[in-house]
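# output the structure for:
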Amino acid sequence: MNDRIAQALTKLFDRHRIVFWYDAKQELRDDFETLSLPGVEKLELTNNQYGVKYKILREQPEQKFLLYREGPQPNDLDNWLLDVQLAQGEFRTDQVAIWLSELELGLEFTNVVQAHVEFFQAIKRKDALKKLLQADDTAGQIRLKMLAVCTGSEPRMDAVMENLLQELADGRDEKIKLVDRCSLDSFLWEQMTRLYGYNSGEPGIRDFTIELFKSCYAMGTAGQVKLTGDALVFLKRWKDSRQFEDGFETLSGECAEVLGIEQDLAKRDFRELIELDYFRLIDQKIISDLVRAVTSRTVSSGDVSLWVRQRRQGHWYREYQHLYEAVDYAAQFAHALGEAKLTMDSLAEGVQRYSRFWYQLDQLYRKFIYHVRISGQASLMGSLTDQVENLYSNNYLMKLGDRFQTFVDATPRWEAFPVRAQKGFFEHWVRPFLRKDNKVCVIISDAMRYEIGDELLSLIRQEDRYSAELEPALSVLPSYTQLGMAALLPNKALAIADNETGTVLVDGQSSQGTANRTKILQSALNGRG
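Residues are numbered from 1 along each chain as shown. Below is the predicted model:
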């Protein structure tokens, strides 16, 4: 006991020069008499208050004093040292007083400690609280920090609730039971009323969760709202938290069922839901309606792109990303095809128009097909996929193919000036580097579409270290792999061998295999290839 008294008094003397000790039960005289604190003079109050006051204030104004009285504190009117006591410290030996002393809290917080005795019974909780306390804390701030200790969170109400909600989602209740045992539940619900407007005859975490989802959904759908705008701020913070998003998703699903969200969504236009992302069902509703709207051509491509862009900020976007992107590309494709004029007056004009505009139709189609396949929702996208495939095949490929074929059949020479011919690739694009003794790397990708080259161009340009250009070339005919590869080599004459191998001869030499192509390069570069 003496050690605990000494420790508590030492902490008091760290903050006060004079400490009063009233031994109300007259049980601790022996402890007082045997007590020894470095730098502290002990005095006993025995009807000598005036003399003591003169000594501690006038004679020894720098000395530390422990003033002990055997018995209770006198009435204020009879206490000649009351002014000194109010300005200095008081040591009390009951359990509450010891806890206050250990936490370096003033007597004004006695009621706080008395109201939550269970909390202070655990040394671990008490030590955790002490690390959070600040000199200017109010009673409310201390209780908030006690809540933080009980829930393992930061001392903020939103953080406390995030932890309690996660516990609910996990099917556990240890933290909220500890809050109840420590008599902090009333404070918790008072704060929930003050901050979020939550009132309930039987408040609870699950009840609050249901009301939170209900009110926030109502705020976006002109429904009846019971909670404040700060509740919406809290919900958005919670759902965007990487630490607690799993708990949010679990409780969102449970509340959607309790609140009948699916039935309510069925009655709504998807446009009024674009800003909402509290339930997974909202995304499912929007996507389903968008598929129907794009298929029926009742929405514009611009609106679809805007809506998809807005949904990218939503909580569930990652889960439904490929469906959103597929719908967006389908709308863009249909719009671009409707705007495209698939006409040409010459082969050269057709090549130029394709390299400037028409390739985008192939690009949009490819991206649509890609996202549909990745989504794994072929049945949901069935009607839209059928429409895009029909438009692509009949209104684009067939029409454009027929027009190109007309000029291919009629042209006397295979050229499309000013578009360069593929067989001049080496002299036009490679030789200039070699003349300057620069190294050049040629990467050949068989049958890579022009529109993919355009996307690669965009990706390269996004890198600050590189510049890039894209230029079309007119393929050789017939357009098969061996002839195409040979046309990229330095050449004066290309020929196809008169046998069944289809081997291409470059200036009379076979271009079949890496070794032969290396010889052709070395011959053209005087052995430097």
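
# switch to C-alpha atoms for all contacts and neighbour counts from now on
Noted.

# now the longest helix seen in the chain: buried residues?
The residue-count maximum for a helix in the chain (DSSP state H) belongs to helix 317-339. By neighbour count with 16 or more other Cα atoms under 10 Å, helix 317-339 contains the buried residues 317, 320-337.

# quick one: residues in contact with stretch 32-42.
When contacts are defined by Cα atoms under 8 Å, 6 or more residues apart in numbering, stretch 32-42 is touched by residues 2, 6, 10, 63-68.

# first to last residue in that stretch, what's the distance?
8 Å (Cα to Cα, to the nearest Å).

# quick revisit: which one of the contacts of stretch 32-42 sits in the busiest neighbourhood?
Within the contacts of stretch 32-42, neighbour counts (other Cα atoms under 10 Å) peak at residue 66, which reaches 22 neighbours.

# got the confidence number for it?
Looking at residue 66, its pLDDT stands at 96.

# what of residue 527?
For residue 527, the model assigns a pLDDT of 60.

# same check on residue 1?
55.

# do the one 4 residues further on as well
In the predicted model, residue 5 carries a pLDDT score of 84.

# pull the number of nearby residues for it.
Neighbours of residue 5 under the rule other Cα under 10 Å: 17.

# chain neighbours aside, what residue packs nearest to it?
Ranked by Cα to Cα, 6 or more residues apart in numbering and with sequence neighbours excluded, the top spatial neighbour of residue 5 is residue 93, at 7.8 Å.

# I'd assumed the one you found was in a helix, is it?
No. According to DSSP: H, G, I helix; E, B strand; the rest coil, residue 93 belongs to no helix; its state is coil.

# contacts made by the longest helix of the chain with the rest, please.
With Cα under 8 Å, 6+ apart as the test, helix 317-339 has contacts from 283, 287, 290-291, 294, 300-301, 304-305, 308, 311-312, 361, 364-365, 367-372, 374-375, 377, 384, 388, 391, 396.

# and the helix or strand just after it, C-alpha only, in PDB?
Sequence order places helix 347-353 as the next helix or strand after helix 317-339, per DSSP states H and E. The C-alpha trace of helix 347-353 is given here as PDB (Å, rounded to 0.1, in the frame of the first residue of the first chain):
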ATOM      1  CA  LEU A 347      -8.800   2.900-103.400                       C
ATOM      2  CA  ALA A 348      -6.500   5.500-102.100                       C
ATOM      3  CA  GLU A 349      -9.400   7.500-100.600                       C
ATOM      4  CA  GLY A 350     -10.700   4.400 -99.000                       C
ATOM      5  CA  VAL A 351      -7.300   3.600 -97.400                       C
ATOM      6  CA  GLN A 352      -7.000   7.100 -96.100                       C
ATOM      7  CA  ARG A 353     -10.500   7.200 -94.700                       C
END
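
# what does helix 347-353 contact?
Contacts for helix 347-353 (Cα under 8 Å, 6+ apart): 343-344, 404, 407-408, 411, 415-419.

# the same query, at a cut-off of 7 Å, please.
Around helix 347-353, the neighbours that count as contacts under Cα atoms under 7 Å, 6 or more residues apart in numbering are 344, 404, 407, 416-417.

# return the subset of those lying in helices.
Members of the contacts of helix 347-353 lying in helices (criterion: DSSP H): 404, 407.

# can I have the buried ones of the contacts of helix 347-353 as a ChimeraX selection?
The following ChimeraX line selects those of the contacts of helix 347-353 that are buried, judged by 16+ other Cα under 10 Å:
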select :344,404,407,416
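
# got the residue ranges for the strands in the stretch 51-200 of the chain?
Applying DSSP state E, counting those that start in this stretch to the stretch 51-200 of the chain gives strands spanning 64-70, 89-91.

# now those strands as TSV including distance to residue 102?
Listed next are the strands of the stretch 51-200 of the chain as TSV, based on distance: least, Cα to Cα, whole Å:
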stretch	distance to residue 102
strand 64-70	18
strand 89-91	11
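
# what number of residues lie near residue 127?
Using other Cα under 10 Å, the number of residues around residue 127 comes to 14.

# distance of it relative to residue 145?
Residue 127 is 12 Å from residue 145, where distance means Cα to Cα.

# quick one: which two of the contacts of helix 347-353 are the most distant?
Within the contacts of helix 347-353, 404 and 417 form the most distant pair, 15.4 Å apart (Cα to Cα).

# chain center to stretch 46-59: distance?
Put simply, stretch 46-59 sits 66 Å off its chain's centre (Cα atoms, centre = their mean, to the nearest Å).
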